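>>> could you work out the structure for the sequence below:
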Amino acid sequence: MRLILAVIFALSSILQGTEWPRLRGPNGSGIAKESKPPVEIDTAKPTWKTPAPVGHSSPVLSDKLIFLTGIEDGRLNTYGYDKATGKLIWQRKAPLVGLERVHKANSHAAPTPVVDEKRIYVYFGSFGILCYDHSGKELWQKSLPVPRTLYGTSSSPISYKDLIIQVIDDDNNLPRSRLSRSKIVALNKLDGSIAWETPRPFHRSGWSTPALWIHNRETELVVLGNGRLSGYALPSGQEKWHVTGFSRETISAPIIGNGRVFASASRRGGGGSMEIDPEPFWKSVIHYDKNGDEKLSRNEMTGHFTFPFRPELPYGHPGYGMPLPEDKNQRSRRLDGIFGWMDKNRDGFWSKKEFTSNFSHGSGKPLLIAVKPGGKGDVTQSHLAWEYNRGIPEIPSPIFYDNRIYMVRSGGILTAVNAIDGKAIYSERLGGSGQYSASPVIANGHLYLASEPGLITVVKSGDKLDIVHQQKLGDLIHVSPAFDANTIYIRSAKQLWAFRKE
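Here you go, the predicted structure:
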């Protein structure tokens with residue numbers, strides 16, 4: 001009995017801490033088990049709303065406050081808001097530093113803070129980690145190397161006992177050198193000193209946030225990075241096992257359920273299935289056919305034209321297609337290269353037949369896997385329970401609930417997979433197109449899904465798609481909501497909203 005109580009206490013202290021203490025709540029699960037927020041969101045009657053700073057971090061909660069990060073006038077900031085009223089209680093500036101390079105679809109304030117009973121810990125890729133108490137008093141700061149990444153940092157810190165753990169993956173990594181720049185750093189909560197560092201010599205930039213996996217009286221840190229999923233023993237930080245097969249660009253976070261780890265990543269460029277339908281991509285490029293001959297010439301590649309990666313997004317969206325230089329001459333040369341690459345017969349046109357027959361998109365394979373515990377070394381063949389390769393999101397993390405895995409991908413497609421055997425349950429459209437960056441969250445048996453254009457869809461969990469509510473927020477949504485006992489908190493591009501069930 002004592003052992004059982006000890007295990008329960010350890011689980012509670014590691015995975016809970018506060019109601020919604022980190023990115024996607026307890027252990028990154030996305031599940032608010034005891035929460036009963038409103039199912040219907042009335043944007044005309046929020047409990048409160050208040051202006052929000054520019055940033056892509058999700059809200060996290062203590063018992064009385066909501067914490068966000070943002071950037072104002074080139075300065076990184078941390079904010080504390082009153083949960084009851086939305087009033088800004090305090091704002092603290094990070095040290096003045098040069099800002100890392102980020103993609104237009106990202107933000108310098110993308111990592112989500114982590115909160116415990118007394119403190120909040122904030123990571124900015126441009127600086128490092130800052131620690132405040134709940135009243136906003138700075139307790140310590142620890143500068144860390146600024147990683148070079150493709151899009152800017154977004155991996156968030158997590159809490160483990162008396163440690164704050166941060167994954168820092170870097171494109172400057174030197175796999176054959178002892179000077180590995182990609183690493184996991186564990187800091188002591190008390191003073192920010194380094195407890196340990198573990199090199200990640202096979203990893204370049206990544207954007208996933210780790211999770212804790214407790215099994216067989218052991219705790220492991222599970223980290224998804226480019227090309228592989230890895231498990232590290234805690235508290236030592238030593239690597240124990242890995243699974244290969246993931247694409248270069250991994251963004252979503254691993255999740256835990258039924259004693260297994262589930263992790264997903266689309267193919268590079270956002271492709272969610274093994275076979276890519278070229279038709280949406282052709283429709284996207286032929287949009288620029290000015291003379292109506294159903295072909296595309298080089299001189300018709302004007303305006304926002306680029307080679308599409310995500311045709312479901314609006315033209316000009318920063319994630320829509322291949323990034324092009326702002327300099328006109330460099331942009332023209334890059335477009336010349338794109339055109340010549342597809343114009344195989346050198347007749348000066350792209351025809352539909354030529355485009356679709358030569359079409360290729362992304363690299364790697366889309367992948368959702370279930371990993372069994374107990375492995376050591378490369379467990380790709382020995383410890384996979386199953387894998388699934390359709391409808392895999394690029395950015396949103398999956399969610400495990402009631403023996404189902406739910407995933408939402410851009411275009412508004414919700415997929416449910418049986419978590420026991422990996423078989424598809426359904427894959428259907430929500431009726432809300434566009435980009436999906438926010439991960440699904442669940443409260444009171446309902447999934448809350450938010451599209452980047454601002455459509456909130458509430459779906460009852462189960463073996464069929466059951467949409468119970470949809471509401472347009474009227475603002476962009478990039479990040480996942482947070483919950484307490486009866487409230488959902490939504491950060492949009494310009495506002496922080498609270499909707500409370502009375």
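>>> what about the nearest residue to Leu61 once chain neighbours are set aside, distance to Gly125?
Spatial nearest neighbour of Leu61, excluding adjacent residues (CB to CB, 6 or more residues apart in numbering): Trp20 at 4.2 Å. C-beta coordinates here come from the backbone N, C-alpha and C atoms, glycine included. Per CB to CB, to the nearest Å, Trp20 is found 23 Å from Gly125.
>>> helices of the stretch 151-300 of the chain, start to end?
279-286 (DSSP state H, counting those that start in this stretch).
>>> what about it, any weak spots by pLDDT?
Along the stretch 151-300 of the chain, segments meeting pLDDT under 70 span 173-180, 268-275.
>>> residue boundaries of the strands in it?
158-160, 163-168, 183-188, 194-199, 211-215, 218-225, 228-234, 239-244, 255-257, 260-265, 296-297 (DSSP state E, counting those that start in this stretch).
>>> give the contact list for Ser58.
Ser58 makes contact with 23-24, 112, 479-482, 491 under the criterion CB atoms under 8 Å, 6 or more residues apart in numbering.
>>> next, give me the two most distant ones among those residues.
The span of the contacts of Ser58, defined through CB to CB, is set by Arg24 and Arg491 at 13.1 Å.
>>> let me know the helix or strand that the residue of the chain most remote from its centre is in.
The centre of the chain is farthest from one residue, Asp347, which by CA atoms, centre = their mean lies 42.7 Å away. In the assignment (DSSP states H and E), Asp347 maps to no helix and no strand.
>>> on that earlier part again, for Ala370, state which of the contacts of Ser58 is nearest.
Distances from Ala370 to the contacts of Ser58, taken by CB to CB, are shortest for Arg24, at 18.8 Å.
>>> the closest one contacts Ile256, correct?
No: Arg24 is beyond contact range of Ile256, at 11.8 Å (criterion: CB atoms under 8 Å).
>>> more crowded one of these two?
The residue with more neighbours, out of Arg24 and Ile256, is Arg24; 29 against 20, by other CB atoms under 10 Å.
>>> list the contacts for the nearest residue in space to the more buried one that is not next to it in sequence?
Counting by CB to CB, 6+ apart, the nearest residue to Arg24 once its immediate chain neighbours are dropped is Gly30, at 4.4 Å. Residues in contact with Gly30 (CB under 8 Å, 6+ apart) are 24, 255, 397, 399, 439-442, 480.
>>> likewise for Trp350?
285, 295-297, 339, 342-343 are the contacts of Trp350 under CB under 8 Å, 6+ apart.
>>> turn the residues you listed into a markdown table, columns for distance to Ser143 and neighbour count.
Converted to a markdown table, the contacts of Trp350 look like this (distance: CB to CB, whole Å; neighbours: other CB atoms under 10 Å):
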| residue | distance to Ser143 | neighbour count |
| --- | --- | --- |
| Val285 | 45 | 21 |
| Lys295 | 55 | 17 |
| Leu296 | 49 | 25 |
| Ser297 | 52 | 17 |
| Phe339 | 45 | 19 |
| Met342 | 46 | 14 |
| Asp343 | 50 | 19 |
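>>> so where's the chain uncertain?
1-18, 173-180, 268-275, 359-364.
>>> how does it divide up, domain by domain?
2-273+363-500, 279-357 (automatic domain parsing).
>>> who does the residue nearest to Gly377 when sequence neighbours are not counted bridge with?
Nearest residue to Gly377, sequence neighbours excluded (CB to CB, 6+ apart): Trp241, at 6.2 Å. For Trp241, the beta-bridge partners under DSSP bridges are Gly231, Gly377.
>>> distance of Trp241 from Thr250?
In terms of CB to CB, Trp241 sits 17 Å off from Thr250.
>>> so those two - more neighbours on which side?
Legend: neighbour count by other CB under 10 Å for Trp241 and Thr250, higher for Thr250 (29 against 22).
>>> phi, psi of that one?
Note on Thr250: its backbone torsions stand at phi -110, psi 130 [degrees, to the nearest 10].
>>> the residue lying closest to it once chain neighbours are set aside pairs with what?
Once flanking residues are discounted, Thr250 sits nearest to Ala265: 4.4 Å by CB to CB, 6+ apart. Assessed by DSSP bridges, Ala265 has beta-bridge partners Leu367.
>>> mind listing what Ala265 touches?
Contacts of Ala265 (CB under 8 Å, 6+ apart): 224, 246-247, 249-252, 364, 366-367, 392.
>>> go with 10 Å
Contact analysis of Ala265 by CB atoms under 10 Å, 6 or more residues apart in numbering lists 206, 208, 224-227, 229, 245-252, 272, 364-369, 392-394.
>>> Pro440 now?
Contacts for Pro440 (CB under 10 Å, 6+ apart) come out as 24, 30-31, 393, 396-399, 401, 406-408, 414, 447-450, 457, 459, 480.
>>> ok, back up a step: out of the contacts of Ser58, the closest to Gly374 would be?
When these are compared against Gly374 (criterion: CB to CB), the nearest one is Arg24, at 26.1 Å.
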